[in-house]
Each structure stands twice: as C-alpha cells, then as structure tokens.
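1. need a 3D model of the following:
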Amino acid sequence: MSRPLEICAASLPSALAAQAGGAQRIELCQNLEQGGTTPSYGLIKAVRARLHIPVMVLIRPRPGGFVYSADELALMQTDIEICRDLGCAGVVLGVLTEAGRVDVAACRALIAAAGPLEVTFHRAFDACPDQLGALEAIIALGCQRVLTSGGQPTAEAGQDRLAALVAQAAGRVRIMPGAGITAANVQALAARTGAPELHASAKRLVPAEASAGLFTTPQFETDAALVAELVALLNQ
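-> Prediction:
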C-alpha cells in the first residue's frame, strides 16, 4: 500500500509528535477546533527550526467561509511571503466566489506569491456545489494537491466521491482524503479511493489547565503513537 501520510498539527508539540511518529509531512495551523487558521510567525519559525520533514502552512485568516475581502487577501499574500522567507515547503489555501466556485483570479494571485512553494487547495473545495468543475479549475491553476472529504463531513462518508475525483484527476493533481481518518478506516479508505496520499490529525484530547478557570476550552494535540499506527497501516 505505502502511501505518504500528512498530519495536521496545530502546535510545536503536535508538529514534533507528527515527526516522531513517522509522518512524511505536516500541515501547520492554529485553532484546529475552528477548522484551522494561519499559524503565527513565531510558531512557523520554531517548527521550521525543529523539523526535518516538509512543512505546509495553512493560509486561512479566519474561521468560517472562504469568500475573502481585498484586505483579507492582502493579509494572506503577506503570510505566504513569510512562508517563503522561512523556507517552508508549501502553503495550503483556497478562495471561493459567492456562488461557491473557485475564485480563479484570487487564487492565481496567491499562487503567484507562493512562487516555487507547493500549493494544496484545502477543504474550501468541499463547499463547492460543482466539485467536478472545481477540480478542473484547480488543476488549471497548477496546484499540487487537493485536500478533500468528498463534500461530506468525513472522508469515509465521501469515499465514493473521492474515488471519482481520483479517477477524474488521473494524476494531474493529487487527491488527498482528509477528515475523520483513523486506524479503523485508513486502509479501507486508501483501497476504495485509490488516493496517492492521506491526511489525518491523529489527535487526542489533553487535560485542561487547572488555572484556566472561565477560559477552559477543549485542547487537542497530535499523538505520536497514533501517527505511527497510521503510518504502519499505510505501509502494509
């Protein structure tokens, strides 16, 4: 089977755990509980200094939808430039129009800012009503991969669509299933979809700080043992 595994990491400890568990690449973000937002400069710099595996950085200025203002797009471009300066492997982005189509002009400008960096089009793709058309637009933009659950809450629920997307892509872009991938379903999903690589968080809930008081919030960290289990299953 042997497929690369990308781990979504939202902190330095999670990034280190992903690497220790044998992940081939990470997607670095913050605020994973809100679907992920762009990590801070400090976090990107620290992760780049400590990891020897490729680091892809999420470019998402806020939670919610993927229709962005001119000011938000300018922020995203600056964040991409920072990723270039820090030597990241790539960026993860996605911009849509009000109609739910890929915003080709906005994406093209961001991809131009990325220059030589790899570009993953993220799960904004799952908000597109016409995924077949969206995939062709993303291919035309020159993205290297698409992170998607096949338009469903989990990759397992969207596996039939994922298989169809892999077939449509025909090697022109890598379809990377993500959302709800665990040791219990990773082998079946890989076999059913034919996807060349997969994405997971391999996270566990960590105890809340005793001093958090009114500001207690659920916190998740990547677990190296869970990553290692996924990697082993994908290499059988």
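
2. the longest helix anywhere in the chain - contacts with which helices or strands?
-> The longest helix of the chain (DSSP state H) is helix 70-85. Counting contacts by 3 or more C-beta pairs under 8 Å, 6 or more residues apart in numbering; DSSP states H and E, helix 70-85 packs against helix 41-50, strand 90-93, helix 104-114. To be clear about C-beta, it is placed using only N, CA and C from the backbone, and glycine gets the same treatment.

3. all helices for this protein, in order.
-> 12-21, 41-50, 70-85, 104-114, 131-141, 159-169, 186-193, 224-234.

4. out of the ones you listed, which is closest to Thr97?
-> Comparison of these against Thr97 by C-beta to C-beta identifies helix 104-114 as nearest, at 8.6 Å.

5. so which residues make contact with the closest one?
-> Outside helix 104-114, the residues that touch it by C-beta atoms under 8 Å, 6 or more residues apart in numbering are 59, 68, 73, 76-77, 80-81, 83-84, 90-91, 93-95, 119, 121, 137, 140-143.

6. and if you look at stretch 184-192?
-> 1, 3, 155-156, 159-160, 162-163, 177, 181, 195, 198, 200, 230, 233-234, 236.

7. give me the buried subset of those.
-> 3, 155-156, 159, 162-163, 177, 181, 195, 198, 200, 230, 233-234 (16 or more other C-beta atoms under 10 Å).

8. let me know the closest of the residues you listed to Ala10.
-> Distances from Ala10 to the buried ones among the contacts of stretch 184-192, taken by C-beta to C-beta, are shortest for Ala200, at 13.2 Å.

9. mind putting the buried ones among the contacts of stretch 184-192 into a markdown table with pLDDT and distance to Leu189?
-> Shown next, in a markdown table, are the buried ones among the contacts of stretch 184-192 (pLDDT from 0 to 100; distance: C-beta to C-beta, whole Å):
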| residue | pLDDT | distance to Leu189 |
| --- | --- | --- |
| Arg3 | 92 | 10 |
| Ala155 | 98 | 6 |
| Glu156 | 98 | 6 |
| Gln159 | 98 | 6 |
| Leu162 | 98 | 8 |
| Ala163 | 98 | 10 |
| Pro177 | 98 | 6 |
| Ile181 | 98 | 6 |
| Ala195 | 98 | 8 |
| Leu198 | 98 | 7 |
| Ala200 | 98 | 10 |
| Leu230 | 98 | 11 |
| Leu233 | 97 | 11 |
| Leu234 | 96 | 10 |
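
10. pull the most distant pair out of these.
-> Across the buried ones among the contacts of stretch 184-192, no pair lies farther apart than Ala163 and Leu230, at 20.0 Å, counting by C-beta to C-beta.

11. in PyMOL, how would I select the buried members of the contacts of helix 104-114?
-> Under the burial definition 16+ other C-beta under 10 Å, those of the contacts of helix 104-114 that qualify are selected in PyMOL by:
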select buried, resi 59+68+73+76+77+80+83+90+91+93+94+95+119+121+137+141+143
